[in-house]
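In: coordinates only, sequence not included:
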């Protein structure tokens, strides 16, 4: 039996004012609890697709169902408790004077009781490890911490689906993994995660499924190993799988691999078995 | 709204200095002109210029829609305060009451004057795109500096113009981020709520602008901005016969209309 759907995009076409069609006849089903990566070149339609899922833009044609609700019929405020989104530039998402106010901004808009707001803020800040700096002016934080404040702000809305739109842009190695680790933990806690990124190594390591968009259309959609196992297809949109996968794909027959190689740990294991080195 | 709009037309190809001078002349003249017919002639001429420049007329309709609130306000204020003999609605407060006597009286002359003032505003707003949308910003900068304005100052003016569309995008992103956190004041809130909500919109904008300005300053310094008192340009502008003809005809026509207004 198939799982319940978190997102069901049916024949979605979206044309921006000025006649630019960003998405053409997109179909996508995301089951609850999935960790979906969306990749593609700039201008492929990734951000437009997720904006459609949040209800920020309404389909020109087709429809988007989110947890059973049609985005055309439900208001954005109502949607915000079902689906949250961490946008790319943290600086455009910080409006409050303190970290605490920032995280409380959403729950306050929902007109929740004070105790509920406080408990949500506390929980969200603890989740990202910022509970000690709740009185700081958010724009004065480091880029990594600013991103965490945004994540906490989204968590405080307690949405079932969380979208990360290029959350690692401009972050250092540690920052990238910290952010995506939060996404993984949330996924393990039952949230459906959709992540747009240009960081293929992160996709390989964290996403269980990948959607590849190319010029507003779906080029590929499948389990991460399967998608990265077809480099010729990915090359059509100028995407190169992570180095470890490229190595695996090249040594496919020699290594006796079953599916694409996605993680360094796995590569180590395969090679060890092959050369029969005891550790 | 005043982003450069490419087309190969007479107005696009004019020397930007000619456009700036005529823009200034018309802007001054509409405040000197008191005859609605002459103002109407200017408005019709503007529409023709928009057509000549291939500018989308729907933009003008957008300005009109955007300024509608202001126009209504102007017409109401003028209708109540301008005075005049053709009384349409009798005063709420009788004339003999000291100080506030006559308040609430609406006159035809007042309404007409309100419409007249609104037309001036609309003409002014519709004039700007005839320069802004037909001149690339670098040419505008060059023209301003060739007209004697310090290059730094002309750079500041043109950069500001260039940044407007970027700020519009940024503003849309901030509002999206707010909507995603169930903030609906700008869509559904009352005026007071909107007023209170503005800091939340302005704070990220200002901080973003300051960060951008700082980065821009460093990038400009590293490319020798202001190293010499004078600078050269990759593409220069020069007045040709066509520019002189348009400048002379345009100036005579505009000044002529003002003269006709007073002589007529």
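Out: Cool, got the structure. Predicted, not measured: the structure shown is a model, and the values here were computed from it.
In: Can you name the residues of the stretch 151-279 of chain A sitting close to chain B?
Out: Residues of the stretch 151-279 of chain A found near chain B, taking C-beta under 8 Å from any C-beta of the partner chain as the criterion, are A:153, A:154, A:157. For every residue, glycine as well, the C-beta is placed using N, CA and C.
In: Show me how far the helix or strand harbouring the second one is from its chain's centre.
Out: Using DSSP states H and E, residue A:154 sits within helix A:143-155. Relative to the mean C-alpha coordinate of its chain, helix A:143-155 is positioned 14 Å out (C-alpha atoms, centre = their mean, to the nearest Å).
In: average pLDDT for that helix?
Out: Along helix A:143-155, the predicted confidence averages to a pLDDT of 93.
In: got it, and stretch B:46-60?
Out: 91.
In: Wondering if that stretch reaches chain A at all.
Out: No. Applying C-beta under 8 Å from any C-beta, one finds stretch B:46-60 out of contact with chain A, separated by at least 10.7 Å.
In: hmm, back to that, report the buried residues of the helix holding residue A:154.
Out: Within helix A:143-155, the residues that qualify as buried by neighbour count (16 or more other C-beta atoms under 10 Å in any protein chain shown) are A:144, A:145, A:146, A:147, A:148, A:149, A:150, A:151, A:152, A:153, A:154, A:155.
In: So the first one versus chain B, what's the distance?
Out: With distances taken as C-beta to the nearest C-beta, to the nearest Å, residue A:144 is found 16 Å from chain B.
In: so which of the buried residues of helix A:143-155 comes closest to residue B:18?
Out: Proximity of the buried residues of helix A:143-155 to residue B:18, judged by C-beta to C-beta, is greatest for residue A:146, which lies at 48.3 Å.
In: how about the closest one, what does it touch?
Out: A:90, A:91, A:94, A:138, A:139 (C-beta atoms under 8 Å, 6 or more residues apart in numbering or on different chains).
In: Kindly identify which of the residues you listed also come near chain B.
Out: When these are checked against chain B using C-beta under 8 Å from any C-beta, the ones in range are A:91, A:94, A:139.
In: Would you mind giving me the confidence score for the last one?
Out: On pLDDT, residue A:139 comes in at 89.
In: Tell me the spatial nearest neighbour of it, not counting adjacent residues.
Out: Once its chain neighbours are removed from consideration, residue A:139 has its nearest residue in residue B:207; the separation is 4.9 Å (C-beta to C-beta, 6 or more residues apart in numbering or on different chains).
In: element containing that neighbour?
Out: Applying DSSP H and E as the criterion places residue B:207 in helix B:191-221.
In: So which bits of that helix are buried?
Out: Residues of helix B:191-221 classed as buried under the neighbour-count rule (16+ other C-beta under 10 Å) are B:197, B:200, B:201, B:203, B:204, B:205, B:207, B:208.
In: Point out where the chain drops to low pLDDT.
Out: This is for chain A. Screening chain A residue by residue with the criterion pLDDT under 70, one finds the ranges A:1-2, A:253, A:255-257, A:277-279.
In: The intended chain is chain B.
Out: Checking chain B against pLDDT under 70 turns up B:1-2, B:101-102.
In: Let me see the ranges of the helices in it.
Out: For chain B, the helices defined by DSSP state H occupy B:10-13, B:16-32, B:36-52, B:57-81, B:108-132, B:137-146, B:151-179, B:185-188, B:191-221, B:241-263.
In: Nearest to residue A:204, out of the ones you listed?
Out: helix B:151-179 (29.2 Å).
In: from the chain's centre, how far out does that closest one sit?
Out: Counting by C-alpha atoms, centre = their mean, helix B:151-179 comes out at 16 Å from the chain centroid.
In: Just give the nearest non-adjacent residue to residue A:185, would you?
Out: What sits nearest to residue A:185 in space, not counting adjacent residues and going by C-beta to C-beta, 6+ apart, is residue A:127, at 8.0 Å.
In: for residue B:161, that is, sorry about that
Out: Leaving out its chain neighbours, the residue that sits closest to residue B:161 by C-beta to C-beta, 6+ apart is residue B:137, at 5.8 Å.
In: For the one you found, which residues are in contact?
Out: Neighbour list for residue B:137: B:4, B:158, B:161, B:162 [criterion: C-beta under 8 Å, 6+ apart].
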